[in-house]
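1. Quick one, structure for this:
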Amino acid sequence: MAKNKRQKVKHYHRSFYSREMRVKRGIGIVVLVVAVLAAAWFAAPHVLDWATHTWYTVVKDRDLEAESASRAEAAASSAAASSAAASQAASEPEPEEEKPLDGKAITGGSWAELDVTTLTDEAAIRTAARQLKQQGADYALVTLKDAAGTVYYASGVAAAAQSITENPVDAANIAAILREEGIIPAAQLAAFTDPVSVYTDRSMGVHYDGNSLWLDNVSAAKGGKAWMNPFAASAVQFVGDLIEEVRSMGYEQVVLTGVQFPNIITRKQDFGASGGKSREGRAAQLTADIAAWQTRFAGSVTLWVSYPDALCTAATDALGTTGMSLGMENLLVTSSAALDADSRAALEQAAADAGVQHIVVHDTTAFR
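-> Purely as a prediction, here's the structure:
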């Protein structure tokens with residue numbers, strides 16, 4: 001009997017995982033790793049908290065809950081304090097910025113006069129300004145041209161060339177320091193009472209007998225002085241140019257004195273106009289001169305016209321009418337003695353009736 005032959009079994013070495021299955025398997029492993037890491041990430045704080053709590057409470061024997069409450073209370077207290085401080089700061093008004101000094105303002109405050117010859121350097125000017133401030137003055141009156149014709153600063157106006165004092169002051173520096181110290185500077189200028197400038201420009205003077213300058217006494221040797229002529233356009237222009245000059249130096253308030261004709265009116269005087277022979281004509285001319293200056297400097301200078309109280313309330317040859325009737329907007333009245341309340345009230349009412357907008361009355365020693 002023939003032997004059956006043993007069949008050989010063939011072994012095939014092959015993978016039962018296809019390519020697609022291997023990719024899925026790799027992705028699954030990656031997802032599993034990510035999931036484990038994510039779980040560890042989220043669990044880590046809790047594990048750390050538990051470990052920390054265990055360490056401090058078991059090993060270190062500390063009451064963490066009490067400490068946490070204490071810290072929370074301190075934080076709340078600090079927040080409340082910060083909130084209260086912020087609320088208080090918000091409720092407190094912020095300090096106002098200091099406003100620049102308005103040099104043209106009419107405040108109704110007090111005035112004081114400075115002796116310009118003493119204002120020779122910064123220290124002297126500042127000392128004088130601070131003294132005025134301590135006394136409560138709002139305005140400082142600085143005479144830059146007086147009734148003797150003297151100009152106390154280095155004027156550049158041609159007709160003033162022979163009138164400048166030997167030692168002129170720095171008028172611009174005076175004004176600047178006064179403003180720094182909170183004082184409004186006011187320049188005082190004598191207008192037609194000027195016996196000097198008329199010799200520099202003779203067209204500005206009162207004449208007689210042709211081109212000769214009229215004097216208010218027999219001769220200059222006997223004290224006779226020449227006068228400016230309010231009818232002369234050159235004289236009106238000269239005064240206006242001085243106002244403009246001091247304005248450019250920082251004086252936004254200007255006080256004019258001597259806006260008048262000579263105290264003596266005679267037949268020999270030649271004013272160059274027929275109106276000079278009558279009171280009405282003289283009053284009309286002064287009114288026109290004041291109006292011209294007020295128009296020229298409207299908005300740039302606060303212009304005052306100053307008269308003694310006697311000239312304000314009674315008609316005279318020098319003005320042709322009462323001083324307060326010449327159309328000025330602002331009137332400064334000088335008095336040799338302090339006026340009582342009734343006299344002051346009467347003067348102020350008369351000025352208001354005459355159309356004066358602002359009036360300042362002062363005695364010989366102090367401004368009010």
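
2. now stretch 26-38: mean pLDDT?
-> Taken as a whole, stretch 26-38 carries a mean pLDDT of 71.

3. can you check stretch 250-267 too?
-> Regarding stretch 250-267, the rounded mean pLDDT is 96.

4. Would you indicate which residues of that stretch are buried?
-> Of the residues in stretch 250-267, those buried by neighbour count under the rule 16 or more other Cβ atoms under 10 Å are 250-262, 265. No exception for glycine: its C-beta is placed from N, CA and C like everyone else's.

5. What helix or strand is Ala35 located in?
-> helix 19-54 (DSSP states H and E).

6. Actually, Leu331.
-> Here Leu331 sits within strand 330-334, counting by DSSP H and E.

7. Sheet partners, orientation included, of that strand?
-> Partners of strand 330-334 in the sheet, by DSSP bridges, are strand 302-308 (parallel), strand 358-362 (parallel).

8. what's near enough to touch Asp146?
-> Contact analysis of Asp146 by Cβ atoms under 8 Å, 6 or more residues apart in numbering lists Tyr152, Ala190.

9. Following the chain past the helix or strand of the chain with the lowest mean pLDDT, name the next helix or strand.
-> The weakest-scoring helix or strand in the chain, judged by mean pLDDT, DSSP states H and E, is helix 64-91 (a mean of 62). Downstream of helix 64-91, the next assigned helix or strand under DSSP H and E is strand 110-114.

10. how many neighbours does the nearest residue to Tyr307 once chain neighbours are set aside have?
-> Closest residue to Tyr307 apart from its sequence neighbours, by Cβ to Cβ, 6 or more residues apart in numbering: Gly323 at 3.8 Å. Neighbour count of Gly323, defined by other Cβ atoms under 10 Å: 28.

11. quick revisit: Phe192: which of the buried residues of stretch 250-267 is nearest?
-> Sorting the buried residues of stretch 250-267 by how near they are to Phe192, with Cβ to Cβ, puts Gly258 at the top with 5.3 Å.

12. Go ahead and confirm Leu319 touches Thr313.
-> No: look at Leu319 against Thr313 with Cβ atoms under 8 Å: they stay out of range, at 11.3 Å.

13. So for those two, which residue has more residues nearby?
-> Leu319 (23 against 17).

14. ok, the more buried one - contacts?
-> Residues touching Leu319, when contacts are defined by Cβ under 8 Å, 6+ apart, comprise Gln260, Phe261, Arg282, Ala283, Leu286, Tyr307, Leu311, Leu326.

15. and the residues you listed, which of them are in strands?
-> Secondary structure from DSSP state E places Tyr307 of the contacts of Leu319 in strands.

16. Mind giving me the PyMOL select for the contacts of Leu319, buried ones only?
-> Typed into PyMOL, the line below selects the buried ones among these, using 16+ other Cβ under 10 Å:
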select buried, resi 260+261+282+283+286+307+311+326
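
17. which two from the contacts of Leu319 end up farthest apart in space?
-> Largest separation among the contacts of Leu319 by Cβ to Cβ: Arg282 and Tyr307, giving 14.4 Å.

18. Pull up the gap between Leu319 and Ser335, please.
-> Using Cβ to Cβ, to the nearest Å, one gets 17 Å for the distance from Leu319 to Ser335.

19. can you map out the helices along the stretch 101-250 of the chain?
-> Taking DSSP state H, counting those that start in this stretch to define them, one finds helices in the stretch 101-250 of the chain at 122-134, 171-180, 197-200, 233-248.

20. List the contacts of Ala159.
-> Ser197, Thr200, Asp201, Met204, Ser234, Phe238.

21. Does the fourth one touch Ser234 like I think?
-> Meaning Met204. Yes: taking Cβ under 8 Å as the contact criterion, Met204 and Ser234 are neighbours in contact, 4.9 Å apart.

22. who's more crowded, those two?
-> Neighbours per residue (other Cβ under 10 Å) separate Met204 from Ser234, with Met204 holding more: 25 against 15.

23. measure that one to Leu256 for me?
-> Counting by Cβ to Cβ, the gap from Met204 to Leu256 is 16 Å.

24. now swap in Gly240 and tell me
-> Going from Gly240 to Leu256 by Cβ to Cβ gives 10 Å.
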